[in-house]
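Trainee: below is the structure, and that's it, no one-letter string:
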């Protein structure tokens, strides 16, 4: 009994720490881009480092590299803020639900509480995304005009901010990731020896992002790296995304089930809000907090509805009731590649 309780505490603690690290690295990446680093170059270097790390361990670690989604997300980050990344990352269940309905891979049943919850949660999620895009609101703390302006160690906002464009790019990134998850769910049913081809994901991801970056970023100076903050962010992001986060999520999924990892995704909103209020109050907006919070409510509503639908499907299968749910199970480890 004690062993079970200890494993539960370790699993919860691990996921809380992982989500905190994700937000911390997102803030650091935002800072690097605000200092002039190209988001396209950043994606290339992190993918390349992940490839070098994962190729020798392809039979032990899983990974995901979504080229279009990654580039859209980090370009969006360069125009907006990490709180926007948190809000739009919580759109994934809603977008996956809509995509499954359109492609007829799931059946919507008005009589099921789970289906209704997923519909309501989707509307809440989209409302939060619209609020996040159109209303920033006042800053938490007005900047002082009496103190000399000094460059902060970390920034929570881009120096070339275009909030609406950043939100649009994040929305496109989420949609691209939802399509990728749907396609991969189909692929996993066809190819049973998935681990034998995992090593090629990061390799081809690196090739694709390099081609895209060379098209958009033609300044040779943008590709130069030194022993500076930008290099540190690339190394930490590559190591954490390819090994640490993936291994922790896989362990928690095996220990607690497929929905456990997804339950902690909105924790990023709490982290981003805390960091924003404490460290970046002169550039952090009330509207951002409100919109991200609404997105989190929608996320949990859709997730609860999905859990209820799957419970009903299992009961229907055992009792031989007609019309079980045919939801495609999206690999939960693949919902975090946006940031």
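Mentor: Nice, thanks for sending it over. It should be emphasised that the depicted structure is a prediction, and the values quoted were computed from it without experimental measurement.
Trainee: drop to CA atoms for contacts and neighbour counts, all remaining ones
Mentor: Noted.
Trainee: pLDDT below threshold where in the protein?
Mentor: The model of the chain has pLDDT under 70 over residues 1-4, 54-67, 142-161, 183-202, 316-339.
Trainee: strands of that one, start to end?
Mentor: Along the chain, no segments are classed as strands by DSSP state E.
Trainee: do a quick rundown of the helices in it.
Mentor: Applying DSSP state H to the chain gives helices spanning 2-34, 39-54, 67-79, 82-89, 92-102, 113-134, 163-190, 198-216, 229-239, 245-256, 260-263, 267-279, 286-318.
Trainee: okay, those, which one's buried deepest?
Mentor: The highest mean neighbour count among the helices of the chain, using mean count of other CA atoms under 10 Å, belongs to helix 82-89: a mean of 29.
Trainee: tilt between it and helix 67-79?
Mentor: Between helix 82-89 and helix 67-79, the angle comes out at 150 degrees (axes from the mean of the first three to the mean of the last three CA atoms, to 10 degrees).
Trainee: got the angle for helix 82-89 vs helix 113-134?
Mentor: Angular relation of helix 82-89 and helix 113-134 on a 0 to 180 degree scale: 150 degrees, by the same axes, to 10 degrees.
Trainee: ok, back up a step: so which of the helices of the chain gets nearest residue 141?
Mentor: Ranking those by distance to residue 141, with CA to CA as the measure, places helix 267-279 first at 8.5 Å.
Trainee: where's residue 252 relative to residue 172, distance?
Mentor: Computed with CA to CA, to the nearest Å, the distance linking residue 252 and residue 172 is 29 Å.
Trainee: nope, residue 141 is what I meant
Mentor: Separation of residue 141 from residue 172 (CA to CA) stands at 31 Å.
Trainee: so how far is residue 44 from the spatially closest residue to residue 292 that is not a sequence neighbour?
Mentor: Nearest non-adjacent residue to residue 292, counting by CA to CA, 6 or more residues apart in numbering: residue 87, 4.4 Å away. Distance, residue 87 to residue 44, using CA to CA: 24 Å.
Trainee: what do you get for residue 23?
Mentor: Counting by CA to CA - residue 23 and residue 44 are separated by 20 Å.
Trainee: count of residues packed around residue 221?
Mentor: Neighbouring residues of residue 221 were enumerated by other CA atoms under 10 Å; the total is 9.
Trainee: which ones are touching it?
Mentor: Residue 221 makes contact with no residue under the criterion CA atoms under 8 Å, 6 or more residues apart in numbering.
Trainee: shouldn't residue 203 be in contact with residue 45?
Mentor: No: applying CA atoms under 8 Å as the test, residue 203 and residue 45 come out as separate, 11.9 Å apart.
Trainee: tell me the spacing between the closest residue to residue 164 other than its chain neighbours and residue 83.
Mentor: What sits nearest to residue 164 in space, not counting adjacent residues and going by CA to CA, 6+ apart, is residue 133, at 5.6 Å. As defined by CA to CA, residue 133 lies at a distance of 11 Å from residue 83.
Trainee: ditto for residue 295
Mentor: Computed as CA to CA, the residue 295 to residue 83 distance reads 11 Å.
Trainee: which of the helices of the chain sits closest to residue 222?
Mentor: helix 39-54 (7.4 Å).
Trainee: what residues does the closest one touch?
Mentor: With CA under 8 Å, 6+ apart, helix 39-54 has contacts from 33, 61, 65, 70-71, 74-75, 78, 199, 202-203, 205-206, 209-210, 212-213, 216-217, 222-223, 234-235, 237-239, 241-243.
Trainee: ok, 7 Å please
Mentor: 33, 70-71, 74-75, 199, 202-203, 205-206, 209-210, 213, 223, 234, 237-239, 242 (CA atoms under 7 Å, 6 or more residues apart in numbering).
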